[in-house]
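Student: give me the fold of what follows.
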Amino acid sequence: TFNYTVILTGGCSNITAPGAINVNPITTISNQSTGGQTQIIGFPFTHITVTASGVGLSYQWYSNTTASTSGGTSLLSANGGQTSSYTPQSTSIGTLYYYCIVTGTCNNVTSAVSGAFIVNPIPPAFNTSTSSLTGLTYAHGTITALNPSQSSFTVSGTNLTGNITITAPTDFEISTISGAGFTSTPTITLTPSSGTLSATSVYVRLKVTLPVGTYPAENIVCSTSGDASQNVAVSGTVTGTTFYSRLTGNWNNNTTWSLTLGGGAVGAGVYPLDGDIVNIVGGFNVTVTADAACASITFTATTATSLTINSGINLNVSGAITIPRSGSGVNLIAVDAGNLNAASIAFTSGGGTMRHEIKISTGKVTVSGDVTTDNTGTSATIAFTGKGKLILGSSLLATPSIGGTLTTFAGSTVVYNALGAQTVRNFAYDNLTLQGSGAKTLSNVTVNDTLSMEGTATASVSPSYGGSATLQYNRSTARTAGPEWISPIAASGGIIIRNT
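Tutor: Purely as a prediction, here's the structure:
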């Protein structure tokens with residue numbers, strides 16, 4: 001404030017007049033705290049401020065939908081809208097910007113526009129009632145396979161912006177209906193109402209067409225937009241079942257099989273699989289027309305019955321094949337030009353007349369364990385009718401009794417391939433291969449075509465060679481000849497050394 005005096009001088013007298021001049025500072029904003037913030041709808045923002053100087057200050061805050069200090073909407077006095085400190089509101093989803101106009105005696109000034117104040121919706125949230133389900137099981141081929149044991153979990157959610165999708169893993173199927181509604185479609189969709197899904201049950205079971213086995217944890221995936229997926233781990237077991245042939249027919253035809261002796265047919269699409277126990281019932285012949293597998297095969301002893309493996313077809317038996325001597329006729333496994341693989345084969349209830357037989361044409365039989373007979377008679381028979389092959393991982397018709405018959409065919413081959421010591425049964429062979437490793441013990445063995453020494457296997461003695469027989473060494477590394485090399489070798493086939 002500046003004071004002054006004015007003196008007026010006239011002809012008669014002087015007049016003195018005092019006065020004052022007030023100089024006010026301009027209005028300025030020296031600082032502002034208006035950085036952007038993000039919040040969920042309904043949750044408060046932190047207040048924003050400006051620091052101003054000047055005389056006669058007043059404040060008015062504005063909001064704007066763009067980052068601009070013009071064209072905004074006055075916020076009036078609510079929430080500090082006419083003070084130096086304003087609290088933005090989070091009542092509506094979207095993005096706003098703020099600025100303040102400060103008015104003083106001399107002038108007004110506008111703050112810089114604030115950062116973005118973003119209000120997001122409440123995020124969707126959904127939950128599953130459990131993270132794992134265990135113990136799902138059924139017995140293959142049984143009535144429970146048509147409606148296996150099921151388990152369930154629930155799914156719920158709030159603030160959802162889309163459907164919830166439930167996706168089943170490879171070996172399981174799902175439904176929203178208990179005991180029904182299971183299909184090959186791996187996905188079901190749950191639709192919320194106004195963003196909310198009340199607890200909804202999802203039923204789970206193993207697929208009805210699975211082979212015998214254990215199915216470890218696989219994930220059911222639950223997902224929705226805007227939230228992380230959740231997994232429910234499921235596991236279960238399909239157990240083996242006992243099957244009985246009830247009609248003459250193909251292995252993979254359900255009408256061939258029953259779950260009880262003399263019972264009705266199993267369900268459509270059901271037939272023995274790996275892990276199942278198979279009984280070939282007297283008089284009901286079975287033909288394997290497509291690759292097949294099971295845990296074991298047992299023939300009944302009453303009436304002649306056959307199991308035929310078609311050309312190019314594989315039958316894998318993880319356990320034992322038991323083929324008793326039939327009461328009449330012959331219990332027969334006809335390998336023909338197919339392939340039979342088994343852990344062991346037992347000829348039981350043996351006798352003097354041939355009534356149980358394995359017949360090999362141009363196919364192959366591989367037995368990792370013993371081929372046994374329980375009788376010293378000749379009824380247990382393995383007969384070649386073509387240039388097939390029998391591969392033996394252990395003994396041939398030598399336990400618990402030594403008996404049975406081997407009938408060869410020109411070009412047929414028997415291979416002893418154990419990784420260790422092995423006894424070669426005293427038969428006459430067409431082609432005999434000693435393979436694998438360890439000492440192969442021979443006694444009264446005849447080879448009419450080729451004795452092939454392979455791997456690191458050795459022979460205890462020389463066999464008797466037929467007139468046109470050949471001694472062959474067939475391996476890729478050097479080896480020392482053993483007693484199988486007799487000098488001179490009278491057989492016309494001589495000795496062959498090859499590297500295959």
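Student: what about the helices in the chain?
Tutor: Assigned by DSSP state H, the chain shows helices spanning 143-146.
Student: pLDDT-wise, which helix or strand of it ranks last?
Tutor: Ranked by mean pLDDT, DSSP states H and E, the weakest helix or strand in the chain is helix 143-146, scoring a mean of 60.
Student: just for the chain, where's the confidence low?
Tutor: Applying pLDDT under 70 to the chain flags residues 143-147, 500.
Student: so which bits of stretch 321-332 are buried?
Tutor: With burial defined by 16 or more other CB atoms under 10 Å, the residues of stretch 321-332 counted as buried are 321, 322, 323, 324, 325, 326, 330, 331, 332. For glycine as for every other residue, the C-beta is placed from the backbone atoms N, C-alpha and C.
Student: with stretch 350-357 instead?
Tutor: Buried positions in stretch 350-357, judged by neighbour count with 16+ other CB under 10 Å: 350, 354, 355, 356, 357.
Student: ok, now which ones touch the fourth one?
Tutor: I take that to be residue 356. Residues near residue 356 by CB atoms under 8 Å, 6 or more residues apart in numbering: 299, 323-326, 330-332, 347, 350, 379-381.
Student: will you turn those residues into a markdown table that also has distance to residue 243?
Tutor: Below are these laid out as a markdown table (distance: CB to CB, whole Å):
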| residue | distance to residue 243 |
| --- | --- |
| 299 | 13 |
| 323 | 17 |
| 324 | 18 |
| 325 | 23 |
| 326 | 20 |
| 330 | 22 |
| 331 | 17 |
| 332 | 19 |
| 347 | 22 |
| 350 | 26 |
| 379 | 27 |
| 380 | 25 |
| 381 | 26 |
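Student: out of the residues you listed, who's nearest residue 167?
Tutor: Of all the contacts of residue 356, residue 167 sits closest to residue 299, with 46.0 Å by CB to CB.
Student: that closest one contacts residue 330, doesn't it?
Tutor: No. Counting by CB atoms under 8 Å, residue 299 does not reach residue 330; the two are 10.4 Å apart.
Student: in strands, which of the buried residues of stretch 350-357 fall?
Tutor: Judged by DSSP state E, the subset of the buried residues of stretch 350-357 located in strands is 356, 357.
Student: any chance of the buried residues of stretch 350-357 in a markdown table, with distance to residue 293 too?
Tutor: Shown next, in a markdown table, are the buried residues of stretch 350-357 (distance: CB to CB, whole Å):
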| residue | distance to residue 293 |
| --- | --- |
| 350 | 28 |
| 354 | 29 |
| 355 | 27 |
| 356 | 23 |
| 357 | 23 |
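Student: can you pull the contacts of residue 398?
Tutor: Residue 398 touches 372, 423, 425, counting by CB under 8 Å, 6+ apart.
Student: in strands only, show me these.
Tutor: Residues of the contacts of residue 398 located in strands (DSSP E): 372, 423.
Student: neighbours of the closest residue to residue 138 other than its chain neighbours, how many?
Tutor: Spatially, and ignoring its direct neighbours in sequence, residue 138 is nearest to residue 148 (3.7 Å; CB to CB, 6 or more residues apart in numbering). Residue 148 has 20 neighbouring residues, counting by other CB atoms under 10 Å.
Student: please apply the same query to residue 336.
Tutor: Neighbours of residue 336 (other CB under 10 Å): 20.
Student: which residues does it bridge with?
Tutor: Listed beta-bridge partners, residue 336: residue 360 (assigned using DSSP bridges).
Student: now do residue 152
Tutor: Under the criterion used (DSSP bridges), residue 152 bridges to residue 203.
Student: just to check, it is in contact with residue 203?
Tutor: Yes. Applying CB under 8 Å as the test, residue 152 and residue 203 come out as touching, 4.7 Å apart.
Student: list residues touching both of these two?
Tutor: Residues touching both residue 152 and residue 203 (CB under 8 Å, 6+ apart): residue 178.
Student: give me the nearest residue to residue 73, chain neighbours excluded.
Tutor: Closest residue to residue 73 in three dimensions, ignoring its sequence neighbours and counting by CB to CB, 6+ apart: residue 63, at 5.3 Å.
Student: from residue 106, how far off is the one you found?
Tutor: Residue 63 is 27 Å from residue 106, where distance means CB to CB, to the nearest Å.
Student: more neighbours, the two?
Tutor: residue 63 (18 against 13).
Student: pull the contacting residues for that one.
Tutor: Counting by CB under 8 Å, 6+ apart, residue 63 makes contact with 72, 73, 75, 88, 96, 97, 98.
Student: any idea what it is bridged to?
Tutor: When bridges are called by DSSP bridges, residue 63 pairs up with residue 73, residue 98.
Student: can you check residue 433 too?
Tutor: Going by DSSP bridges, residue 433 forms beta bridges with residue 415, residue 452.
Student: residue 214 touches residue 237, doesn't it?
Tutor: Yes. Using CB under 8 Å, residue 214 makes contact with residue 237 at a distance of 5.1 Å.
Student: pick out whichever of these two has more residues nearby.
Tutor: residue 237 (17 against 10).
Student: residues touching that one, list them.
Tutor: 136, 137, 213, 214, 215.
Student: any idea how far it lies from residue 134?
Tutor: For residue 237 relative to residue 134 (CB to CB), the value is 10 Å.
Student: now do residue 50
Tutor: 63 Å.
Student: looking only at neighbour counts, state which of those two leads.
Tutor: Between residue 50 and residue 134, counting by other CB under 10 Å, residue 50 is the more crowded of the two (24 against 12).
Student: about what we covered before: what about the contacts of residue 356, which are in strands?
Tutor: Those of the contacts of residue 356 lying in strands (DSSP E): 299, 323, 324, 331, 332, 347, 380, 381.
Student: please list all residues in contact with the third one.
Tutor: Counting by CB under 8 Å, 6+ apart, residue 324 makes contact with 299, 300, 301, 331, 347, 348, 349, 356.
Student: determine which two of the residues you listed are furthest apart.
Tutor: Within these, 300 and 347 form the most distant pair, 14.4 Å apart (CB to CB).
Student: who has more neighbours out of the two?
Tutor: Between residue 300 and residue 347, counted using other CB under 10 Å, the more crowded position is residue 347 (28 against 19).
Student: state the distance from that one to residue 221.
Tutor: Plainly put, residue 347 is 53 Å away from residue 221 if you go by CB to CB.
Student: same thing with residue 105?
Tutor: Distance from residue 105 to residue 221, by CB to CB: 68 Å.
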